[in-house]
Every structure is written in structure tokens, then in C-alpha cells.
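Q: Pasting the sequence and the predicted coordinates here, then a few questions.
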Amino acid sequence: MCVGIKKPDFKVFLEPLVMELKNLEQGIRLVPEIPKYTSFFLIAAVFDKPAKAAVLNMKSFNGFGGCTKCLQLGETLKGKKI
């Protein structure tokens, strides 16, 4: 949860995380005495829809072209306001 006038810059939060994940992919030595490197990979993350759009630096899920699974923009239909 963020409190403020505008949305936070996710680049500030994500850059250190991305750097650490890259280090883990290269491999680390779990036991200093054993010269074996173990690699770790991030395979999943859980976000709500607004956070997912912010992390992926894209339009919101309900915005025009906000689908992450296809490239189809869709169309806007006018309807009655309730």
C-alpha cells in the first residue's frame, strides 16, 4: 500500500531486486568450503491487477490495450449509463 499524491516510481523498488535476482541466476556458493555454485531463478510472482500493470510499466488492465496476453486492442462501445 502506498500513500501519497501520486503513484510511486517502481523503478526505485525494482532495480535492487532485479540486480539481486541476476546475481542469484549467475550462481552463489552456499557452502564456502565446497567449490560448487547453485543458481536460483524466479519463476512466479503474485500481484493484483493494478500492481501488475505498474510493475510491467504498462497501461492498467482496464485501459485501452491493457491486456498482457494478446496484442489485440479491442474496440470501445458506447452504451447507456446506469
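A: Received, thanks. A quick note: this is a predicted structure, and the numbers were derived from the prediction, not measured.

Q: Remind me what the worst-scoring helix or strand of the chain on mean pLDDT packs against, helices and strands.
A: Within the chain, no helix or strand scores below helix 49-55, which has a mean of 83 by mean pLDDT, DSSP states H and E. With contacts defined as 3 or more C-beta pairs under 8 Å, 6 or more residues apart in numbering; DSSP states H and E, helix 49-55 has these neighbours: helix 10-26. In this view, the C-beta of every residue, glycine as well, is placed from N, C-alpha and C.

Q: Show me what the helix or strand following the helix it packs on is packed against.
A: Sequence-wise, the next helix or strand downstream of helix 10-26 (DSSP states H and E) is strand 28-29. In this structure, strand 28-29 packs against strand 37-38, with contacts taken as 3+ C-beta pairs under 8 Å, 6+ apart.

Q: residues in contact with the strand it packs on?
A: Residues external to strand 37-38 that are found in contact with it (C-beta atoms under 8 Å, 6 or more residues apart in numbering): Gln26, Gly27, Ile28, Arg29, Leu30.

Q: How far off centre is stretch 69-82?
A: 25 Å (C-alpha atoms, centre = their mean, to the nearest Å).

Q: Using CSV, write down the CA coordinates of that stretch.
A: C-alpha atoms of stretch 69-82 as CSV (Å, rounded to 0.1, in the frame of the first residue of the first chain):
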residue,chain,number,x,y,z
LYS,A,69,-1.9,-11.9,-23.1
CYS,A,70,-2.6,-10.5,-26.6
LEU,A,71,-1.8,-7.6,-28.9
GLN,A,72,-5.4,-7.0,-29.9
LEU,A,73,-6.5,-3.5,-28.9
GLY,A,74,-10.2,-4.3,-29.0
GLU,A,75,-12.9,-1.7,-29.5
THR,A,76,-14.8,0.8,-27.4
LEU,A,77,-18.6,0.5,-27.4
LYS,A,78,-20.9,3.2,-26.2
GLY,A,79,-23.7,2.2,-24.0
LYS,A,80,-26.3,3.5,-21.7
LYS,A,81,-25.1,4.9,-18.3
ILE,A,82,-26.9,3.4,-15.4
